[in-house]
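Novice: Sequence first, then the predicted structure, then my questions.
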Protein chains: 2
Amino acid sequence: MKELDPLLHSQLRLAVMSILMNVEEADFVYLKEKTESTAGNLSVQLDKLSTAGYISVEKGMSGKRPRTTCAITNEGRKAFEEYVEALRTYLNL
Amino acid sequence: MKELDPLLHSQLRLAVMSILMNVEEADFVYLKEKTESTAGNLSVQLDKLSTAGYISVEKGMSGKRPRTTCAITNEGRKAFEEYVEALRTYLNL
DNA sequence: TTAATATGGTTTATAATATAAACCAAATTT
DNA sequence: AAATTTGGTTTATATTATAAACCATATTAA
């Protein structure tokens, strides 16, 4: 049976990747609301995805407030697709 | 976003459930070979699935050697199907 | 016949992971 | 000017997965 990329096989990281697959970019606050996660948990998981090269993270400013924007990378897209393929063999889809 | 049943969202337990979805029953040795897991890990994960009521575990004898046979329960089948449904929303399948 | 090895596991210790709590700086409101 | 909100990060803790160590019986080899 195929390996399931452990970086993607995590509920929160998978949710984030799932969102980023379908949108040009998304900011921290949006991801937090959509995934109903705590800020701390989200911060940690974004770091991991970023370190793995699966997403890019831009820390900028929106007016006077900080704004962190995330987008999926090509590598991330590829990894996500491979993960889905691997999962199919488990789910018989 | 839907919750992913943490009992099923584990590579080894998911692999076991996946196998048991497609077969009447399977014994310990077969599951170990198919999943390429260590005996210890498999034993622990089978216990968890059993405790959750997702599989039944029968410890018997095959000739002079012990033989542990597993089968999915209706509850397990239902949980697996719900897990697949929840995952679909992440994978856009 | 007894010592070594294989079979089919379980129990326990450890490493990895996810998660939340505590914290921080700046902006806003009271 | 004190309290609260916003947008996070860092660190501590709880949970989980995993393998290592172990156990009992059976088989094989010396």
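Specialist: Nice, thanks for sending it over. Numbering: from 1, shown residues only, chains lettered A, B, ... in the order given.

Novice: Could I get the full set of helices for chain A?
Specialist: A:11-21, A:28-35, A:39-51, A:74-91 (DSSP state H).

Novice: Serialize those to a markdown table and add fields for mean neighbour count, mean pLDDT and distance to residue B:38.
Specialist: Heads up, the C-betas are built off the backbone N, CA and C, glycines and all. What follows is the helices of chain A, written out as a markdown table (neighbours: other CB atoms under 10 Å in any protein chain shown; pLDDT from 0 to 100; distance: least, CB to CB, whole Å):
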| stretch | mean neighbour count | mean pLDDT | distance to residue B:38 |
| --- | --- | --- | --- |
| helix A:11-21 | 21 | 96 | 25 |
| helix A:28-35 | 16 | 96 | 33 |
| helix A:39-51 | 15 | 97 | 26 |
| helix A:74-91 | 16 | 95 | 19 |
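
Novice: can you list the ones you listed in TSV and add distance to chain B?
Specialist: As requested, these are arranged in TSV below (distance: least, CB to the nearest CB, whole Å):
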stretch	distance to chain B
helix A:11-21	4
helix A:28-35	6
helix A:39-51	13
helix A:74-91	5
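
Novice: what are the phi and psi angles of the closest residue in space to residue A:82 that isn't next to it in sequence?
Specialist: Of all residues not flanking residue A:82 in the chain, residue A:5 sits nearest, at 6.9 Å (CB to CB, 6 or more residues apart in numbering or on different chains). Torsion angles at residue A:5 (phi, psi; degrees, to the nearest 10) stand at phi -40, psi 110.

Novice: wait, residue A:5 sits on residue A:81?
Specialist: No - using CB atoms under 8 Å, residue A:5 makes no contact with residue A:81, being 10.7 Å away.

Novice: Okay, residue A:10 and residue A:17: tell me how far apart.
Specialist: 10 Å (CB to CB, to the nearest Å).

Novice: List the contacts of residue A:12.
Specialist: A:35, A:37, A:41-42, A:45 (CB atoms under 8 Å, 6 or more residues apart in numbering or on different chains).

Novice: swap in residue A:83?
Specialist: Applying CB under 8 Å, 6+ apart, we find residue A:83 in contact with A:4-5, A:8-9, A:14.

Novice: what subset of the contacts of residue A:12 is also close to DNA strand C?
Specialist: Restricting the contacts of residue A:12 to those near DNA strand C by CB under 7 Å from any atom of the strand leaves A:37, A:41, A:45.

Novice: Out of those, the closest to DNA strand D would be?
Specialist: residue A:41 (7.3 Å; CB to the nearest atom of the strand).

Novice: The closest one: what's its closest spatial neighbour, skipping adjacent residues?
Specialist: residue A:12 (6.2 Å).

Novice: contacting residues for the closest residue in space to residue A:50 that isn't next to it in sequence?
Specialist: Nearest residue to residue A:50 in three dimensions, chain neighbours excluded: residue A:57, at 4.7 Å (CB to CB, 6+ apart). Residues in contact with residue A:57, defined by CB under 8 Å, 6+ apart, are A:46, A:50, A:68-70.
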